[in-house]
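Participant: Next comes the sequence, and after it the predicted model I'd like to discuss.
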Amino acid sequence: MTELKSCPFCGGEAVPVYSDKGSLYTSNILMLSAKGTVKCKKCEVRLQRIYSRVGKAIEAWNKRAESEWIPVTERLPEGKQEVLVTEYGDTDMGRRFDGRWVDRYGDKMKDVTAWMPLPESYTE
(Lines give C-alpha, C1' and ligand atoms only; values in the text may rest on other atoms or scores of the structure.)
Protein backbone atom coordinates (compact mmCIF):
# COMPACT_ATOMS: atom_id res chain seq x y z
CA MET A 1 0.00 0.00 0.00
CA THR A 2 1.21 3.54 -0.78
CA GLU A 3 2.01 5.49 2.38
CA LEU A 4 0.64 9.02 2.75
CA LYS A 5 2.87 11.43 4.65
CA SER A 6 1.33 13.66 7.30
CA CYS A 7 0.21 17.20 6.53
CA PRO A 8 3.21 19.52 6.02
CA PHE A 9 1.30 22.38 7.67
CA CYS A 10 -0.32 20.97 10.80
CA GLY A 11 1.03 17.40 11.01
CA GLY A 12 -2.49 15.97 10.73
CA GLU A 13 -3.46 12.71 9.05
CA ALA A 14 -3.80 12.87 5.26
CA VAL A 15 -6.46 10.90 3.38
CA PRO A 16 -7.21 10.26 -0.30
CA VAL A 17 -10.34 11.96 -1.60
CA TYR A 18 -12.02 10.44 -4.64
CA SER A 19 -13.91 12.25 -7.39
CA ASP A 20 -17.03 10.82 -9.00
CA LYS A 21 -19.24 12.91 -11.28
CA GLY A 22 -18.14 16.18 -9.61
CA SER A 23 -18.55 14.93 -6.02
CA LEU A 24 -15.66 14.35 -3.62
CA TYR A 25 -15.75 11.52 -1.07
CA THR A 26 -13.41 9.45 1.09
CA SER A 27 -13.34 5.67 1.29
CA ASN A 28 -11.73 3.05 3.53
CA ILE A 29 -10.59 1.24 0.35
CA LEU A 30 -7.47 2.62 -1.35
CA MET A 31 -8.31 2.95 -5.05
CA LEU A 32 -5.04 4.09 -6.64
CA SER A 33 -6.44 4.18 -10.18
CA ALA A 34 -9.57 6.25 -9.34
CA LYS A 35 -9.71 10.03 -9.94
CA GLY A 36 -9.08 12.19 -6.88
CA THR A 37 -6.83 14.24 -4.66
CA VAL A 38 -5.46 14.25 -1.08
CA LYS A 39 -6.52 16.33 1.92
CA CYS A 40 -5.64 16.72 5.60
CA LYS A 41 -8.35 15.53 7.99
CA LYS A 42 -7.28 18.06 10.64
CA CYS A 43 -6.79 21.42 8.85
CA GLU A 44 -8.55 20.36 5.60
CA VAL A 45 -5.83 21.74 3.32
CA ARG A 46 -5.85 19.79 0.06
CA LEU A 47 -4.13 19.59 -3.27
CA GLN A 48 -5.81 22.06 -5.62
CA ARG A 49 -5.85 19.65 -8.53
CA ILE A 50 -8.03 16.56 -9.11
CA TYR A 51 -5.65 13.91 -10.49
CA SER A 52 -6.65 11.26 -13.02
CA ARG A 53 -5.31 8.68 -10.55
CA VAL A 54 -5.21 8.98 -6.75
CA GLY A 55 -1.81 7.28 -6.87
CA LYS A 56 -0.44 10.37 -8.68
CA ALA A 57 -2.11 12.65 -6.11
CA ILE A 58 -0.40 10.71 -3.30
CA GLU A 59 2.97 11.12 -5.03
CA ALA A 60 2.35 14.89 -5.34
CA TRP A 61 1.26 15.16 -1.68
CA ASN A 62 4.33 13.30 -0.46
CA LYS A 63 6.63 15.56 -2.52
CA ARG A 64 4.88 18.59 -1.07
CA ALA A 65 5.53 17.32 2.43
CA GLU A 66 9.26 17.62 1.66
CA SER A 67 9.03 21.32 0.72
CA GLU A 68 10.59 24.26 2.50
CA TRP A 69 7.36 25.20 4.33
CA ILE A 70 7.96 25.98 8.00
CA PRO A 71 5.05 25.40 10.40
CA VAL A 72 4.36 28.49 12.53
CA THR A 73 4.47 26.19 15.56
CA GLU A 74 8.19 25.57 14.85
CA ARG A 75 9.34 29.15 14.28
CA LEU A 76 8.34 32.53 12.86
CA PRO A 77 10.15 34.71 10.32
CA GLU A 78 12.57 37.30 11.65
CA GLY A 79 11.64 40.97 11.64
CA LYS A 80 9.03 42.23 9.20
CA GLN A 81 10.22 40.34 6.12
CA GLU A 82 7.61 39.39 3.54
CA VAL A 83 7.20 35.63 3.14
CA LEU A 84 4.86 33.16 1.46
CA VAL A 85 2.19 31.99 3.89
CA THR A 86 -0.52 29.36 3.93
CA GLU A 87 -3.87 30.55 5.26
CA TYR A 88 -6.96 28.33 4.99
CA GLY A 89 -5.08 26.14 2.50
CA ASP A 90 -4.31 29.03 0.11
CA THR A 91 -0.89 30.55 -0.52
CA ASP A 92 -0.39 34.32 -0.24
CA MET A 93 2.26 36.83 0.76
CA GLY A 94 2.31 38.07 4.34
CA ARG A 95 4.49 39.25 7.20
CA ARG A 96 4.50 39.57 10.98
CA PHE A 97 3.54 43.03 12.29
CA ASP A 98 2.94 43.88 15.97
CA GLY A 99 2.76 40.19 16.89
CA ARG A 100 0.20 39.20 14.25
CA TRP A 101 0.13 38.15 10.60
CA VAL A 102 -0.87 40.73 7.98
CA ASP A 103 -1.16 40.38 4.20
CA ARG A 104 0.64 42.59 1.69
CA TYR A 105 -2.12 45.23 2.08
CA GLY A 106 -1.84 45.31 5.89
CA ASP A 107 -5.08 43.38 6.49
CA LYS A 108 -5.06 40.90 9.38
CA MET A 109 -4.59 37.23 8.49
CA LYS A 110 -6.39 34.89 10.90
CA ASP A 111 -5.22 31.32 10.33
CA VAL A 112 -1.66 31.18 9.02
CA THR A 113 -0.35 27.63 9.49
CA ALA A 114 3.00 27.71 7.65
CA TRP A 115 5.40 30.04 5.86
CA MET A 116 8.50 30.01 3.65
CA PRO A 117 10.99 32.67 2.55
CA LEU A 118 10.41 34.29 -0.83
CA PRO A 119 12.68 32.98 -3.58
CA GLU A 120 15.44 35.19 -4.94
CA SER A 121 14.40 37.50 -7.80
CA TYR A 122 15.12 36.28 -11.30
CA THR A 123 18.21 37.74 -12.94
CA GLU A 124 19.66 37.08 -16.40
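Facilitator: Sure, I can see it.

Participant: For the chain, which helix or strand comes out least confident on mean pLDDT?
Facilitator: Considering only helices and strands, the least confidently modelled element of the chain by mean pLDDT, DSSP states H and E is strand 23-25, at a mean of 67.

Participant: domain ranges for this protein?
Facilitator: Domains of the chain are assigned by automatic domain parsing as 14-64, 70-117.

Participant: Quick one: low-confidence residue ranges for this protein.
Facilitator: Per-residue confidence for the chain (pLDDT under 70) gives these ranges: 1, 21-25, 28-29, 64-67, 120-124.

Participant: What ranges does it have for its helices?
Facilitator: Listed in chain order, the helices found in the chain under DSSP state H are 54-64.

Participant: all strands of it, in order?
Facilitator: 14-20, 23-25, 36-40, 70-71, 83-87, 90-97, 100-103, 112-117 (DSSP state E).

Participant: Spell out which strands sit alongside the fifth one in the sheet and which way each one runs.
Facilitator: In its sheet, strand 83-87 lies beside strand 90-97 (antiparallel), strand 112-117 (antiparallel), with partners assigned from DSSP bridges.

Participant: who's in contact with the spatially closest residue to residue 80 that is not a sequence neighbour?
Facilitator: Using CB to CB, 6 or more residues apart in numbering and skipping the chain neighbours, the partner closest in space to residue 80 is residue 95 (5.3 Å). C-betas here are computed from N, CA, C, even on glycine. By CB atoms under 8 Å, 6 or more residues apart in numbering, the residues touching residue 95 are 77, 80-83, 101-102, 104.
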